[in-house]
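K.L.:
Next come a sequence and a model predicted from it.
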Amino acid sequence: MCPLLSHGSQVQVSEAGKPARSILARIAGGAAIVLAAIVLFGGLAFGIFVLWFRAEHFSALKSIEQEVARIQGAGEPITVADMYAFHALPPGESNSTPLWLDVLSSIDEQRFDADTKSMPFVAKRISEETHFPSEITQWSDAAALLEKYQAPIQAAKSAAKSGGECRFPIKFEDGYAADLSHATRMNCLIRLLRLDVRAHFEHQDADSAIEAIEALLGAARAMEHQPTVVEQLTGTLAVNEAVGATTYLLNELQLDDEQLQRLHAALGGVEFDAGLTTGLLGERALMYQSFCSYSPPGVVSLTHGERVGLEPGRAMDCQKYLEVMASIIAATELPFPDARDLAREIELGFQDEVKEMNGLLKMKLANSIADLPGTYMFFDAIVRSHAYLNATIAAIASERCRIDSGSYPSQLSDLVPKYIREVPQDPLDGSPMKSQVSHKEIVVYSVGWNLRDDGGRDDTTRAPLDFAVRVTPVKRSR
């Protein structure tokens, strides 16, 4: 081949490739510009997001700071220091804490659960219903269990008689992770005392059975000032069991007037309203401590020179939690049933609000969404227990009237003032408790959740229409 011709061919190829390289260069340059624009605008968008997030964060911090100042200004606890002061025993008050700590020290919940695993009459989960174990077939097992735990049972009876106030210690720095094992052990004790009442009934020993009921109510008083919902519900459980046991004795043993007055005095000393507020105040403070227990880049300044941190992303959650809890706690200042109705309205409103939230906002408020639902059920538990308690107190007074006059009162107002100072209130509708009398029994009742007077009907399969306590003339003599 001719060298010149060959050289010319190379020149032609080279000249033909120039447009292709030029196009590729332009494409590459355009892509670089587009990429730079994406990076620029992405960075700008990210910067705007960061600025918005920080503005939102610091706005929430400011709101939290104002709310904390308001809470402390109202004399309510919110910080760890506040909680220790709030939970302290009042000056001059007799301290029963060492007694109750000693009672619970010999109870190990895991060992106790193992001991009672095959005993359905000592159920691990005691229902809120006021049913009492009327039939026990495993009496040898029951007697062995009571013998094994006789020390805490007797110690509880002594502690209940001692009076004073109890403050089970809590490490408030741990927030929601605080150890509340004393409440679990107290639950075990309640189950033991419940069985102890039944055992004394089996031996027709009314005085000892009443002593065990008084111990149950002593356990309730020991939890009365504890600042968490779990502890308050444990105290409510003790009241429920005392009420159920009392109703059982009223129907099964011939109690004299002195014994009835003992029961009346013991049940009449139960306080519910303060415990409702105390439990919610403590819950709020513990949750706030949990919010603040992370190491954050941002801090919120509080009163008294204390500084507590809230990491970005948690401030809005804390703000919402404090906002809703403020409304719920304010509801406790109202009388029943208004307090329960308002708490339910607040919670349902929050649930509706959650339904309208987008996914990002739900992530930001994760703790509030998880912890706030069900708060009104605390109100429900208190109201229900209060209703049965008041009905039982009126039933005791009615039984005293029957012993004196030979018949139950035709209406509860007839018991005033000889047997009771006033007719107990129905916490469901705020009216006096109601009653129905027949030739064979008296039924004292609350209107129940439907707020209707169903004549004391409590025999429905799913839930009672009314919260009723029935007393019939004694079936067996003492």
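P.N.:
Here it is on my side, so go on.

K.L.:
quick one: contacts for residue 376?
P.N.:
328, 340, 343-344, 346-347 (Cβ atoms under 8 Å, 6 or more residues apart in numbering). C-beta here means a position set from N, CA and C on the backbone, and glycine is covered the same way.

K.L.:
One more: residue 402?
P.N.:
Remark: with contacts taken as Cβ under 8 Å, 6+ apart, residue 402 is in contact with 408, 442, 473.

K.L.:
Take those and, keeping just the buried ones, write it as a ChimeraX select command.
P.N.:
Remark: buried members of the contacts of residue 402, expressed as a ChimeraX selection using 16 or more other Cβ atoms under 10 Å:
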select :408,442
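
K.L.:
now, among the contacts of residue 402, which is nearest to residue 62?
P.N.:
Nearest to residue 62 among the contacts of residue 402 is residue 442, at 59.8 Å by Cβ to Cβ.

K.L.:
how near is the closest one to residue 256?
P.N.:
In this view, residue 442 and residue 256 are 18 Å apart by Cβ to Cβ, to the nearest Å.

K.L.:
Residue 168 should be in a strand, yeah?
P.N.:
No - secondary structure of residue 168 (DSSP: H, G, I helix; E, B strand; the rest coil): coil, not part of a strand.

K.L.:
Surely it and residue 226 touch.
P.N.:
Yes - with contact defined as Cβ atoms under 8 Å, residue 168 reaches residue 226; the gap is 6.0 Å.

K.L.:
more crowded one of those two?
P.N.:
Taking other Cβ atoms under 10 Å, residue 168 and residue 226 do not tie; residue 226 has more neighbours (25 against 20).

K.L.:
What's the first helix or strand after the helix or strand that contains residue 329?
P.N.:
Element membership of residue 329, judged by DSSP states H and E, is helix 315-331. As assigned by DSSP H and E, the chain's next helix or strand after helix 315-331 is helix 338-355.

K.L.:
Show me what that next one packs onto, helices and strands only.
P.N.:
helix 315-331, helix 375-405 (3 or more Cβ pairs under 8 Å, 6 or more residues apart in numbering; DSSP states H and E).

K.L.:
Now do it: distance to the chain's middle.
P.N.:
Here the centre of helix 338-355 is set off from its chain's centre by 16 Å, with Cα atoms, centre = their mean, to the nearest Å.

K.L.:
residues in contact with the helix or strand following that helix?
P.N.:
Downstream of helix 338-355, the next assigned helix or strand under DSSP H and E is helix 359-364. Applying Cβ under 8 Å, 6+ apart, the external contacts of helix 359-364 come out as 313, 316-317, 354, 369.

K.L.:
How about residues contacting whichever helix or strand comes after helix 359-364?
P.N.:
Next helix or strand after helix 359-364 toward the C-terminus (DSSP H and E): helix 366-371. Here helix 366-371 makes contact (Cβ under 8 Å, 6+ apart) with 287, 290-291, 314, 317-318, 320-321, 324, 354, 362.

K.L.:
which pair in those residues spans the largest distance?
P.N.:
Pairwise across these, and taking Cβ to Cβ, the largest span is found between 290 and 354, at 19.9 Å.

K.L.:
relative to helix 338-355, how tilted is the helix holding residue 329?
P.N.:
For helix 315-331 against helix 338-355, the angle by axes from the mean of the first three to the mean of the last three Cα atoms, to 10 degrees is 160 degrees.

K.L.:
list the buried ones in helix 315-331?
P.N.:
315-322, 324-326, 328-329, 331.

K.L.:
The residue lying closest to residue 210 once chain neighbours are set aside and residue 23: what is the separation?
P.N.:
In this structure, residue 210 finds its nearest non-sequential neighbour in residue 262, 5.5 Å apart by Cβ to Cβ, 6 or more residues apart in numbering. Counting by Cβ to Cβ, the gap from residue 262 to residue 23 is 104 Å.

K.L.:
The two: which is more packed in?
P.N.:
Ranked by neighbour count (other Cβ under 10 Å), residue 262 and residue 23 place residue 262 first, with 19 against 10.
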